[in-house]
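# Next comes the sequence, and after it the predicted model I'd like to discuss.
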Amino acid sequence: MADRYTVVLTPSFQRDLERLPVPAQEKILQALRRLETDPFGPPPKIKKLKGKGLGQWRLEVWPYRVHYDVVGREVPLYRVRHRKEIYQD
């Protein structure tokens, strides 16, 4: 059996998720299940981002983006926003 990762929802991620429409929330939560088994790929839905700081990985759930990191066996989720808003911080 493949190693499993623990997905951790940060308070900022939870706030972002609650602001989205319910159908989008369900779609995102379903897509997050893939991070439990393979948070590193495959592209293009999952991508390593350039630069420094929090959220070095991106999961695409059209038209939203989830920024997260991989720390040991944990996958902390930092933000989920529309693709036009996620890179403005």
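Received it, and whenever you're ready, just let me know what you need. Everything quoted here is computed from the prediction, not taken from an experiment. Residues are numbered from 1 along each chain as shown.
# I'd like the distance between the residue most central in space within the chain and E18.
The centre of the chain sits closest to V66, judged by Cα atoms, centre = their mean, with a distance of 3.2 Å. For V66, the distance to E18 (Cβ to Cβ, to the nearest Å) stands at 14 Å. All C-beta atoms are positioned from the backbone trio N, CA, C, and that covers glycine.
# max-length helix in this structure?
helix 22-32 (DSSP state H).
# gap between that helix and the chain center?
11 Å (Cα atoms, centre = their mean, to the nearest Å).
# What of stretch 67-74?
Offset of stretch 67-74 from its chain centre (Cα atoms, centre = their mean): 10 Å.
# That stretch - what's its average pLDDT?
Here stretch 67-74 scores 94 as its mean pLDDT.
# can you give me the helices for this structure?
Counting by DSSP H, the helices of the chain are 11-18, 22-32.
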